[in-house]
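Participant: Attaching a predicted model along with its sequence, questions to come.
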Amino acid sequence: MKYYNLKDKKEVVNFKTALIRSQGREKGLFFPEHIPKFNPEFMESLDQFSDAEIAFQCMKDFTGEEIPSDVLRQIIAETINFEIPLKPINDRMYVLELFHGPTLAFKDVGARFMSRCLSYFLNGKNKKVTVLVATSGDTGGAVANGFLKTSGIEVVILYPKNRVSDVQEQQLTALGENIHALEVNGSFDDCQSMVKQAFADEEINAQLLLTSANSINVARWLPQQIYYLLALKQWRKTETTDPVISVPSGNFGNLCAGLLAHFRGMPAEQFIAACNENDIIPKYLKTQELKFKDTVATLSNAMDVSHPSNFVRILELFHHRFDNIKKKIIGSSVNDEKTLQTIKEVYQKYQYVLEPHSAIAYTALKEYLAENPGKKGLILATAHPVKFSGTVEKAVHTKIPLPESLAELMKKEKKSFEIEPEFKALKKFLLGRR
Ligand SMILES: *Cc1c(COP(=O)(O)O)cnc(C)c1O
């Protein structure tokens, strides 16, 4: 598969280059040159295939001949080595639990797939790659875990001091080995701006091979299609209509992956772009106008995004046809008050504990179904409630037990390197480590 740069369609690269470079000229995102269709018989009979085979069918066209089949199967086996169950909440709503991975976040799938592809391409060569990421919480943990002990790769994570949860901080700082956590005495925006400057700095790029591991990277974006197929396989055990799929969205990588699977032939009644008060896209779906504004801090902080990077990929998928976009995607914006109310209500009614991001998807789906009586749907639950226990416990008035895997991690020693929110401090760290 070849990928072209959405900002400069003459720039065409293979999977390996798109993976290592992350973005093209003028910071353009890479997009697959064609949309490979699923075999209709395969799509009709998902229940006949193992999850591993479904994931393989999903990914094989995107890596093509660059990764041999047996290697790709191995990468997939290591990527999804945990369950992704679809559970009914009531007679019209299901939840796809994407949070049983090592860092209890759906981002584990993309991070693990990317790390293993990168390590395959670097294997045997003496090049060292430095993965540089800024995180507001969840991305960093998934990336740290996904790249831990991967040979040839150093990971440098910037996070804002005192602004991530205890569990998140432990996931960033307690692993050691090839993972380096920089505790920045500033905000997430400071972290992100420092990382951007590093990518643009000639001196750093002359000495280090830098790559980013956020969701604009094709190797993090594409494997998310797998969630949707695994959801559908389970959905069909009890349902005969196609699902309405509600996706908690921030940077829109996840939703865009679902839409890609749909364009390839996966049936879906409708998609819901479920957002918090950062509602650029729901507003766009109403007015056809993209009006950017400052980010608002909310309880669902992994979705506090004011310039959703992957939206350009959605536009490209639909060939910029607004009428078609509007038909397939429903926009919804849910505020903090409603989010808390939903967490409380779902716990009281169904004894199911949602965290804030998933609660937004739930609220949006519930409202949609209320207006569309014949339909049923599912939400993508993107994080385990324990990662947002402060908020969740306030709503449900009960303690969320720490899963065993985390209990071990919480006992480990935190190791971070504190720096001022200045690019020169990051540069000194990066160049001093060589
Ligand atoms: C990253 C994240 C999201 C948003 O996903 P996008 O692909 O950026 O839209 C939603 N929920 C949680 C818990 C996340 O960590």
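Facilitator: That came through, no problem. Source: prediction; values computed, not measured.
Participant: Might you enumerate the residues of the stretch 51-200 of the chain proximal to the ligand?
Facilitator: Applying CB under 6 Å from any ligand atom, one finds that the stretch 51-200 of the chain approaches the ligand through 105, 107, 138. In this view, the C-beta of every residue, glycine as well, is placed from N, C-alpha and C.
Participant: Show the buried residues in these.
Facilitator: Among those, those that count as buried by neighbour count (16 or more other CB atoms under 10 Å) are 105, 107, 138.
Participant: between those residues, which is closest to the ligand?
Facilitator: Comparing these against the ligand with CB to the nearest ligand atom places residue 138 closest, at 3.6 Å.
Participant: Now that closest one: phi and psi?
Facilitator: Dihedral angles of residue 138 (phi, psi; degrees, to the nearest 10) stand at phi -80, psi -40.
Participant: again with the one 4 residues further on
Facilitator: Backbone geometry at residue 142, expressed as degrees, to the nearest 10, gives phi -60, psi -40.
Participant: Now for residue 351, how many residues are close by?
Facilitator: Applying the criterion other CB atoms under 10 Å, we find 9 residues in the vicinity of residue 351.
Participant: Contacts only, for the residue at minimal distance from the centre of the chain.
Facilitator: The geometric centre of the chain, computed from its C-alpha atoms, lies nearest to residue 107 (CA atoms, centre = their mean), at 4.4 Å. Contacts here follow CB atoms under 8 Å, 6 or more residues apart in numbering; on that basis residue 107 touches 138, 139, 142, 143, 215, 220, 382.
Participant: Can I get those in a markdown table including pLDDT, distance to residue 171 and secondary structure?
Facilitator: Putting the contacts of residue 107 into a markdown table (pLDDT from 0 to 100; distance: CB to CB, whole Å; DSSP: H, G, I helix; E, B strand; the rest coil) gives the following:
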| residue | pLDDT | distance to residue 171 | secondary structure |
| --- | --- | --- | --- |
| 138 | 82 | 9 | helix |
| 139 | 88 | 11 | helix |
| 142 | 93 | 8 | helix |
| 143 | 95 | 10 | helix |
| 215 | 80 | 18 | coil |
| 220 | 95 | 17 | helix |
| 382 | 97 | 15 | coil |
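Participant: what's the most distant pair in those residues?
Facilitator: Comparing every pair within the contacts of residue 107 by CB to CB identifies 143 and 382 as the most remote, at 15.5 Å.
Participant: and after the helix or strand harbouring residue 9, which helix or strand comes next?
Facilitator: Take DSSP states H and E as the rule and residue 9 turns out to sit in strand 8-14. Past strand 8-14, heading to the C-terminal end, the next element that is a helix or strand (DSSP H and E) is helix 15-21.
Participant: how far is that following helix from where the chain is centred?
Facilitator: A distance of 18 Å separates the centroid of the chain from that of helix 15-21, by CA atoms, centre = their mean, to the nearest Å.
Participant: I'd like to know which elements it is packed against.
Facilitator: The contact analysis (3 or more CB pairs under 8 Å, 6 or more residues apart in numbering; DSSP states H and E) places helix 15-21 against helix 107-122, strand 209-211, helix 218-221.
Participant: try it again with 10 Å
Facilitator: Using 3 or more CB pairs under 10 Å, 6 or more residues apart in numbering; DSSP states H and E as the contact criterion, the neighbours of helix 15-21 among helices and strands are strand 2-5, strand 8-14, strand 30-32, helix 51-63, helix 107-122, strand 209-211, helix 218-221.
Participant: where do the strands sit along the stretch 101-250 of the chain?
Facilitator: Along the stretch 101-250 of the chain, the segments classed as strands by DSSP state E, counting those that start in this stretch run 129-134, 153-160, 179-184, 209-211, 244-248.
Participant: quick revisit: only the buried residues of the strand holding residue 9, if you could.
Facilitator: Judged by neighbour count (16+ other CB under 10 Å), strand 8-14 contains these buried residues: 11, 13.
Participant: Many thanks, I have nothing further to ask.
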